[in-house]
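[1] with the input below, show me the fold.
(one chain, ligands or ions: 1)
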Amino acid sequence: MNHFDYKNGVLYAEDVALDGLAREIGTPFYCYSTATLTRHYNVFAAALPKSALVAFSVKANGNLGVLKTLAELGAGADVVSGGELKKALAAGIPGNRIVFSGVGKTKEEMSLALKAGIYQFNVEGEPELEALDEVARALHMRAPVTIRVNPDVDAKTHAKITTGTAETKFGIPWTKARDVYAHAARLRGIEIVGVDVHIGSQITELAPFEAAFRRVVELIAALRADGHKIARADLGGGLGVPYKLDNTPPPAPDAYGALIAKVTEGLDVQLVLEPGRLIAANAGILVSKVIYVKPGLEKTFLVLDAGMNDLVRPAMYDAHHDILPVKEPRPITANRRYDVVGPVCETADLFARDRDLPEAAADDLMALMTAGAYGAVMSSSYNARALVPEVLVHGAKWCVVRPRVTQEALIALDRIPDWFDDGSRS
Ligand code: LLP
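    Predicted coordinates for the structure are as follows:
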C-alpha cells in the first residue's frame with residue numbers, strides 16, 4: 001500500500017505531481033509520503049498489544065523529517081550507533097523509547113545512551129556486557145539489558161541479510177544463553193530486563209518467525225526458573241514488504257501480530273518490535289531522469305542519472321525495484337525490453353536486467369519504487385557524485401528534508417597537505 005498514484009497522466013506523491021517536483025529541485029531525488037509512513041506505522045501498531053513498544057529501526061531511514069513524522073505517531077526507535085541515537089533524540093523520540101542494538105557499541109556510545117536514559121541495550125556478546133558494566137558503574141548507573149540470542153533459525157531470505165543462523169556474528173548462541181545471563185546477573189552495572197532476538201530482514205513467511213519466537217519463549221521460562229527477572233521480549237524486525245506490485249504480498253502485520261499473540265500467550269512480558277522496512281520501504285521512491293537510451297548489440301540500455309551510489313540494493317542484494325515512468329503510459333504505448341543502468345563505472349551499476357517498460361526517451365522521468373528503506377541511508381558519493389536530496393510530501397505540501405550535497409561541498413571536505421606548496425591549498 002502506498003500513496004504514489006497516477007492522476008491526470010502523471011505520477012503523484014499524495015497531491016504533489018512528481019514532474020513538477022523534478023523541475024523544482026532537479027533529479028535524482030528521494031521522495032517520501034507522510035500518508036504511507038503514517039498508515040504503515042498505524043497498521044503495524046494496531047496489530048500489537050497497546051503496551052508494545054514499536055521502535056522504528058532508524059537504519060532503514062534516518063531522515064529527521066521521517067523520524068519526526070513517526071515520533072508524532074508515538075514511535076520509539078531502534079538505533080545502532082551514536083549517530084542514530086542523536087538523530088532519534090533530535091527528532092523528539094525520548095530516550096525511554098529508544099533501544100540500542102548492534103555488535104560494535106563503543107564505550108563512548110554506551111555512555112551517551114545511558115545519559116540519554118535509554119530504554120534498553122540489546123547486548124550481543126560477553127565482552128560488550130563487561131564493557132557496558134564498566135561504563136554504567138563509572139556513571140553510578142545500572143544499564144537495562146536484554147541479551148540478543150541467536151536462535152539458529154534460517155529466515156529464508158537473502159544471505160546478506162540473514163542474521164539468525166549459527167554462523168553469523170550476531171547475538172549469542174541460544175544454547176549458551178543461560179550461562180551468559182548468569183554472568184550478567186553477577187555484574188553490578190547491569191540490570192537484566194529481558195530477551196532479544198532478530199533473525200533477518202525481508203522475511204516473507206511466518207514460519208521462521210514462529211520458530212525463533214518459540215525458542216525465545218522457551219528460554220524465558222528457563223531464565224525465570226534460574227531466578228532472572230524477564231519482563232520484556234524484544235522480537236526484532238524483519239517482516240518483509242512487497243517489492244513487486246504483481247506478486248503475492250508477504251504476510252500482513254495483522255497475521256504477524258496474531259502469531260506473536262499466539263506464541264507469547266500468558267507469558268506476561270512487554271513486547272518490543274523493531275520494524276524498519278515495513279514502515280518505510282513503500283513510503284519512498286527514487287525519481288531519476290533518463291540521460292540516454294543507448295542501443296547495444298543485443299540490448300538497449302536506459303542510462304539513468306541515478307546510480308548504484310544512490311540506491312545500492314540491486315547491486316548489493318540483486319534486489320528488485322519496480323520502475324514506473326512518471327508520465328503515465330497511454331494504453332497503446334508499446335513495451336520495450338531494457339537494461340536499466342546508472343552512470344557509475346561498474347558493471348554492477350544495474351537497476352534492472354531485461355525489464356519490459358513502456359518505450360522511453362531521453363529526459364523521461366522514472367520512479368524506482370519501494371526505495372524508502374535502505375535507500376538514501378546507504379548512499380555514497382562514489383564517482384564524486386553529489387548526494388541526492390530527500391523530499392517529504394504531506395498532502396499538497398512538500399519539503400526538502402535533506403538538500404542535495406553538492407559536488408562543491410563534497411570537494412570542500414578534502415584537504416591538500418601543506419607539503420605541496422603550489423598555492424592550491426586552502
Ligand atoms: N533490528 C535489528 C537488530 C536489525 O539488524 C534490523 C535490520 C532491523 C531491526 C530492521 O529490520 P527490517 O524490519 O527493516 O527488516 N540493507 C538491507 C537490509 C539490512 C537489514 C539490517 N538489519 C536491505 O537493503 O535489504
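[2] now the helices: where do they sit in the stretch 151-300 of the chain?
    Taking DSSP state H, counting those that start in this stretch, the helices of the stretch 151-300 of the chain run over residues 177-185, 207-225, 253-263, 277-280.
[3] run the chain-centre distance for the longest one.
    In terms of Cα atoms, centre = their mean, to the nearest Å, the centre of helix 207-225 is set 25 Å apart from its chain centre.
[4] ok so, going back, need the helices of the stretch 151-300 of the chain in CSV (columns: mean neighbour count and mean pLDDT).
    (C-beta placed from N, C-alpha, C; glycine too.) Below are those laid out as CSV (neighbours: other Cβ atoms under 10 Å; pLDDT from 0 to 100):
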stretch, mean neighbour count, mean pLDDT
helix 177-185, 17, 97
helix 207-225, 18, 97
helix 253-263, 17, 98
helix 277-280, 29, 98
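[5] can you redo those as TSV with distance to the ligand?
    Shown next, in TSV, are the helices of the stretch 151-300 of the chain (distance: least, Cβ to the nearest ligand atom, whole Å):
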stretch	distance to the ligand
helix 177-185	17
helix 207-225	11
helix 253-263	11
helix 277-280	3
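[6] closest one to Leu357 among the ones you listed?
    Using Cβ to Cβ as the measure, helix 277-280 is the one of those that comes nearest Leu357, at 24.8 Å.
[7] tell me which other helices or strands that closest one touches.
    Applying 3 or more Cβ pairs under 8 Å, 6 or more residues apart in numbering; DSSP states H and E, we find helix 277-280 packed against helix 34-46, strand 53-57.
[8] okay, now the residue in the stretch 101-250 of the chain that the ligand sits nearest to: neighbour count?
    With Cβ to the nearest ligand atom as the measure, Gly237 is the residue of the stretch 101-250 of the chain nearest to the ligand, at 2.7 Å. Using other Cβ atoms under 10 Å, Gly237 is surrounded by 24 other residues.
[9] could you find the closest non-adjacent residue to it?
    Glu274 (4.1 Å; Cβ to Cβ, 6 or more residues apart in numbering).
[10] separation between the one you found and Thr36?
    From Glu274 over to Thr36 the distance is 19 Å, taken as Cβ to Cβ, to the nearest Å.
[11] who has more neighbours out of those two?
    More crowded of Glu274 and Thr36, by other Cβ under 10 Å: Glu274, with 26 against 23.
[12] hmm, back to that, pretty sure the residue of the stretch 101-250 of the chain closest to the ligand contacts Ile203?
    No: contact between Gly237 and Ile203 fails when scored by Cβ atoms under 8 Å: they sit 9.1 Å apart.
[13] what's the overlap in contacts for these two?
    Common neighbours of Gly237 and Ile203, counting by Cβ atoms under 8 Å, 6 or more residues apart in numbering, are absent.
[14] which residues touch Pro325?
    Leu11, Leu357, Pro358, Ala360, Asp364, Leu365, Met366, Ala367.
[15] give me the pLDDT for it.
    Predicted confidence (pLDDT) for Pro325: 98.
[16] now check stretch 106-124, is it near the ligand?
    No: Stretch 106-124 stays clear of the ligand (Cβ under 6 Å from any ligand atom), getting no nearer than 6.8 Å.
[17] okay, how far is it across that stretch, tip to tip?
    From its first residue to its last, stretch 106-124 covers 12 Å (Cα to Cα, to the nearest Å).
[18] next, the buried residues of that stretch.
    Of the residues in stretch 106-124, 109-114, 116, 118-124 count as buried by neighbour count, 16 or more other Cβ atoms under 10 Å.
[19] now stretch 289-301: how far from the chain's centre is it?
    For stretch 289-301, the distance to the chain centre is 32 Å (Cα atoms, centre = their mean).
[20] now tell me what touches that stretch from outside.
    For stretch 289-301, the surrounding residues in contact (Cβ under 8 Å, 6+ apart) are 22, 27-28, 302-305, 336-341, 343, 354, 360-366.
[21] also stretch 388-403?
    Taking Cβ under 8 Å, 6+ apart as the rule, stretch 388-403 contacts 13-16, 21, 25, 28-35, 63-66, 69, 286, 306, 310, 376, 379, 404.
[22] picking that back up, okay if I get the buried residues of stretch 106-124 as JSON lines plus pLDDT, secondary structure and distance to Asn247?
    Below are these laid out as JSON lines (pLDDT from 0 to 100; DSSP: H, G, I helix; E, B strand; the rest coil; distance: Cβ to Cβ, whole Å):
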{"residue": "Glu109", "pLDDT": "98", "secondary structure": "helix", "distance to Asn247": "39"}
{"residue": "Met110", "pLDDT": "98", "secondary structure": "helix", "distance to Asn247": "42"}
{"residue": "Ser111", "pLDDT": "98", "secondary structure": "helix", "distance to Asn247": "46"}
{"residue": "Leu112", "pLDDT": "98", "secondary structure": "helix", "distance to Asn247": "42"}
{"residue": "Ala113", "pLDDT": "98", "secondary structure": "helix", "distance to Asn247": "40"}
{"residue": "Leu114", "pLDDT": "98", "secondary structure": "helix", "distance to Asn247": "45"}
{"residue": "Ala116", "pLDDT": "98", "secondary structure": "coil", "distance to Asn247": "41"}
{"residue": "Ile118", "pLDDT": "98", "secondary structure": "coil", "distance to Asn247": "39"}
{"residue": "Tyr119", "pLDDT": "98", "secondary structure": "coil", "distance to Asn247": "36"}
{"residue": "Gln120", "pLDDT": "98", "secondary structure": "strand", "distance to Asn247": "36"}
{"residue": "Phe121", "pLDDT": "98", "secondary structure": "strand", "distance to Asn247": "38"}
{"residue": "Asn122", "pLDDT": "98", "secondary structure": "strand", "distance to Asn247": "32"}
{"residue": "Val123", "pLDDT": "98", "secondary structure": "strand", "distance to Asn247": "38"}
{"residue": "Glu124", "pLDDT": "96", "secondary structure": "coil", "distance to Asn247": "34"}
